[in-house]
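Peer 1: pasting the sequence and the predicted model now:
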Amino acid sequence: MGIERVESADDARLSDYRDLTDVALRRVIEPAGGLYIAESAKVISRAIAAGHRPRSILVQEKWLPEIEERVTDASVPVFVVTAEVARSLTGYAVHRGALAAMHRPELPPVSQVLADARLVVVLEDIVDHTNVGAIFRAAAGLGADAVLVSPRCADPLYRRSVRVSMGTVFQVPWTRLPDWEEARSALHEARFELAALALADDAVPLDEFGARRPHRVALMLGAEGDGLSRQALAAADTVVTIPMAGGVDSLNVAAASAVALWELRAR
């Protein structure tokens, strides 16, 4: 590693890390710049283990030994800064000690992601990065083979999504879907039954659907509040619901994903 101590937040070498709390800004510049930000030594290690390449690392002095243990590529510049410089640069107190600007991998085609999958999660327009990260963690822990995200869904590689997922966004294959007409055709060609998790008068209870679980299932999840769009529901083969008690209509989408994935797991 090339260790470089930087004393000013205005240093041009640190531009990848500037204004990390500005979600609108980062949503534009990270994909356009071919990068994403990994936060904490553990998450950086998981990204590297998944084959992702760091283009630089920002670290505070006390965390440097841990980074030196985990990052062995001598060509990666490591910028060592004080806590004050890190806060001024990023817009928040970097308690986890280390950030890495990672090269964003090219997304695979939908057909490649579906090729060997049996249970996939489809996220439509879920804009909350925390929910996206939590769903990826549920997908990894409960045996989903892949995640497909709609064109307007939040970026799974946004810093908050990565952090909440505990780095599982690096181990679950994922890609972006085209519009629903094309997406439905691709899923049906791969012999997936599309199961929309939603409230509807004709919805099938989750346990009943799980009892007859098709060989290949695409579990469709929509945003908080609005749920799945009319186009998504029209594309679905089955509408599935989680039976609730206590006058509660539904669960948070991340919690609902975990319940549904548990029921639909391979037995």
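Peer 2: Looks like it came in fine.

Peer 1: identify the residues contacting residue 264.
Peer 2: Neighbouring residues of residue 264 by Cβ atoms under 8 Å, 6 or more residues apart in numbering: 119, 209, 210, 213, 217, 219. For every residue, glycine as well, the C-beta is placed using N, CA and C.

Peer 1: at 7 Å what do you get?
Peer 2: By Cβ atoms under 7 Å, 6 or more residues apart in numbering, the residues touching residue 264 are 119, 210, 213, 217, 219.

Peer 1: check residue 53 too.
Peer 2: Going by Cβ under 7 Å, 6+ apart, residue 53 touches 102, 103.

Peer 1: what about residue 170, how many neighbours?
Peer 2: A count of neighbours around residue 170, defined by other Cβ atoms under 10 Å, yields 25.

Peer 1: phi and psi next, for it.
Peer 2: When read as degrees, to the nearest 10, the backbone of residue 170 gives phi -90, psi -20.

Peer 1: filter the contacts of residue 264 down to just the ones in helices.
Peer 2: Judged by DSSP state H, helices contain the following of the contacts of residue 264: residue 210.

Peer 1: among the contacts of residue 264, name the buried ones.
Peer 2: 119, 210, 213, 217, 219 (16 or more other Cβ atoms under 10 Å).

Peer 1: hmm, the second one is touching residue 263, no?
Peer 2: Yes - here residue 210 reaches residue 263: they are 4.1 Å apart, a contact under Cβ atoms under 7 Å.

Peer 1: excluding chain neighbours, what is closest to the residue at minimal distance from the centre of the chain?
Peer 2: The centroid of the chain falls nearest to residue 156 when counting by Cα atoms, centre = their mean (2.8 Å). Spatial nearest neighbour of residue 156, chain neighbours left out: residue 169 (4.8 Å); criterion: Cβ to Cβ, 6 or more residues apart in numbering.

Peer 1: do the same with residue 88
Peer 2: Of all residues not flanking residue 88 in the chain, residue 9 sits nearest, at 4.1 Å (Cβ to Cβ, 6+ apart).
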